[in-house]
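Enquirer: Below: sequence and its predicted model.
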Amino acid sequence: MAPLATRLTLSLAVAASLLAGCAQAPQYDIVLKGGRVLDPASGLDAVRDVGILGDSIAAISEKALQGATVVDVTGLVVAPGFIDLHAHGQTPGDMAFQAQDGVTTAIDMETGAYPVAGWYKSMEGRARLNYGATVGHIPARFAVLNGIEIGHWPTNPGPAAGLGPNPAGANRATTPAELEQLADALRRGLDEGALGIGFGINYTPAASPAEITRLFQVGAERKAPVFVHTRAFGIGAIREAITSAKEAGASLHIVHIGSSASTEVPVALALIDSVRAAGQDVTTEVYPYTAGSTLIESAMFNPGWQRNLRIDYGDLAWAATGERLTKATFDKYRAQGGWVILHMMKEENIEQAIRHPGVMIASDGVPFVNGSGHPRGAGTFARVLGHYSRERQVVPLVEAVRKMTQLPAQRLEAYVPAMKSKGRIAVGADADITVFDPDKVLDRATFTEPTVTSVGIPFVLVNGTFVVRDGALVPDVTPGRPVLAKP
């Protein structure tokens, strides 16, 4: 046996070592303690502590973690932050509503922007949420045919509105030279980091199928996805988009299938399933409402709009007041310009789209103007979790979360590698996290009060920074970062 002095020295050394080990125990910036961690990508659904260091998830542990800030989330769901692929509301005010609906990444894949680099620069330092956009066919067409660099049309409609109803860029076919200028503009946008190419063909009716196929080819050349609002509403226009994408070899996403397919949602979903089974890359999304919204001065309301939309004047509501339109008020507002609500869908079709395993959730949320707008910009994700999952049991909770996290991330990650770090709770993933109460989460925004915030979402983090804490918006934080492709 070693002498007493030696044993005391060894004991002290061991004690010192243990104390040092304790001092060096992992110390995280933030610990979300004791929540139900739900990660559809890995299948994890269990009580865990989540440790965050800087802007990343650093630990997911069955054992208690230590942190500078420890938030007890017992009884709450800790989920990946919701990814909205179709967010037209790209202003700080719009993002405040989206954050309280659990959104951490809000990107505009339909309308997009042009010029792309200038739009991204305009967003720097202003965003609560991660942001991004495709290079848009609509704004590129305004540039080539009208000489207007509009940037992001939904949040900057003024220059195009100055052209009046039926702007020439939407209603004039391109010459062969202009079509190649358009192709070059889209390539330039992709070079500047755009997330794909966005098309709103219903807003550019003079863009022929040949023009669309030619520009889909630009996407195919770069392996960039094309996100498409189809030429009209119904299965015929959906078939046209799928055919053009197949001819071009492009990866296709059809936006808002609930409205795009109109009364033919079951047929459209079956068609998408069949072409996917045959090997074509086609996906789609839905928003959980039976009404849409758009600018009344747009070419969507060219003569013949009733046949296209399958509605009439009384199915339109002026967003600012809620009044249903007549021919007289339609003509008045069309000359004036502004947002209108379109009551055009059936509840059973929306439910079928939400239930379908391949359909993602995306808001198509339009910018709020003086408190008016469409409730989907404030309530889409809580509405799916509360109304459709908990109350109506249209889709299980885990599946609902998958549709707003894993599926949209996977849709983009082949072209946008940054998305591989989003839409999942995993060590090394971005600390974009939404914490919600599965028993209380619910939308409150309505068509008469569209800016009422959702409830039951007490914590939202973007890149490791709280943007919602204890159910309240955190003031003066802008942790959102640009989501860019790196082709």
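Expert: Cool, got the structure.

Enquirer: Tell me who's in contact with residue 219.
Expert: 186, 196-197, 225-226, 248, 250-251 (C-beta atoms under 8 Å, 6 or more residues apart in numbering). C-beta coordinates here come from the backbone N, C-alpha and C atoms, glycine included.

Enquirer: Who does the lengthiest strand in the chain pair with, and is each partner parallel or antiparallel?
Expert: Of all segments of type strand in the chain, defined using DSSP state E, the longest is strand 27-39. Sheet pairing here is set by DSSP bridges, and for strand 27-39 it gives strand 44-53 (antiparallel), strand 66-72 (parallel), strand 77-80 (parallel).

Enquirer: Sketch out the helices for the stretch 201-350 of the chain, chain order is fine.
Expert: Using DSSP state H, counting those that start in this stretch, the helices of the stretch 201-350 of the chain run over residues 209-222, 235-248, 257-260, 265-277, 305-309, 327-336, 347-355.

Enquirer: Closest one to residue 391 out of the contacts of residue 219, please.
Expert: residue 225 (33.7 Å; C-beta to C-beta).

Enquirer: I'd like the distance between that closest one and residue 266.
Expert: Residue 225 is 25 Å from residue 266, where distance means C-beta to C-beta, to the nearest Å.

Enquirer: and those two? which has more neighbours close in?
Expert: Per other C-beta atoms under 10 Å, whichever of residue 225 and residue 266 has more neighbours is residue 225, with 26 against 15.

Enquirer: The more buried one: what's it in contact with?
Expert: 195-197, 219, 250-253, 411-412, 415.

Enquirer: Keep only those of the residues you listed that are in strands.
Expert: 197, 252-253.

Enquirer: burial measure for residue 352, as a count.
Expert: 18.

Enquirer: same thing with the one 5 residues further on?
Expert: The burial count assigned to residue 357 is 10, neighbours taken as other C-beta under 10 Å.

Enquirer: And for residue 53?
Expert: Using other C-beta under 10 Å: residue 53 sits among 16 other residues.

Enquirer: Confirm for me that it is in contact with residue 67.
Expert: No: at 9.2 Å, residue 53 does not count as touching residue 67 under the criterion of C-beta atoms under 8 Å.

Enquirer: Can you pull the residues that touch both of those two?
Expert: Joint contacts of residue 53 and residue 67 (C-beta under 8 Å, 6+ apart) are 28-29.

Enquirer: hang on, isn't residue 377 packed against residue 99?
Expert: No: with contacts defined as C-beta under 8 Å, residue 377 does not count as touching residue 99, sitting 11.7 Å away.

Enquirer: returning to what we had before: quick one, which of the helices of the stretch 201-350 of the chain is nearest to residue 143?
Expert: Taking those one by one with C-beta to C-beta, helix 209-222 is closest: 14.0 Å.

Enquirer: What would the closest one look like as PDB? C-alpha coordinates only.
Expert: C-alpha atoms of helix 209-222 as PDB (Å, rounded to 0.1, in the frame of the first residue of the first chain):
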ATOM      1  CA  PRO A 209     -46.200  27.400 -74.100                       C
ATOM      2  CA  ALA A 210     -43.100  27.600 -76.400                       C
ATOM      3  CA  GLU A 211     -41.800  30.500 -74.300                       C
ATOM      4  CA  ILE A 212     -42.400  28.600 -71.100                       C
ATOM      5  CA  THR A 213     -40.700  25.400 -72.300                       C
ATOM      6  CA  ARG A 214     -37.700  27.400 -73.600                       C
ATOM      7  CA  LEU A 215     -37.300  29.000 -70.200                       C
ATOM      8  CA  PHE A 216     -37.900  25.700 -68.300                       C
ATOM      9  CA  GLN A 217     -34.800  24.600 -70.400                       C
ATOM     10  CA  VAL A 218     -32.800  27.200 -68.500                       C
ATOM     11  CA  GLY A 219     -33.700  25.600 -65.300                       C
ATOM     12  CA  ALA A 220     -32.900  22.200 -66.700                       C
ATOM     13  CA  GLU A 221     -29.500  23.400 -67.900                       C
ATOM     14  CA  ARG A 222     -28.600  24.600 -64.400                       C
END
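
Enquirer: And the contacts of residue 225, which is closest to residue 38?
Expert: residue 411 (19.8 Å).

Enquirer: The closest one: what's it in contact with?
Expert: By C-beta under 8 Å, 6+ apart, the neighbours of residue 411 are 85, 225, 253, 283, 360.

Enquirer: Please check these and keep the buried ones.
Expert: By neighbour count, with 16 or more other C-beta atoms under 10 Å, the contacts of residue 411 hold 85, 225, 253, 283, 360 as buried.

Enquirer: Among these, pick out the one closest to residue 329, please.
Expert: Nearest member of these to residue 329, counting by C-beta to C-beta, is residue 85, at 33.5 Å.

Enquirer: Looks like the closest one contacts residue 365 (just checking).
Expert: No: assessed by C-beta under 8 Å, residue 85 is found out of contact with residue 365, at 11.2 Å.
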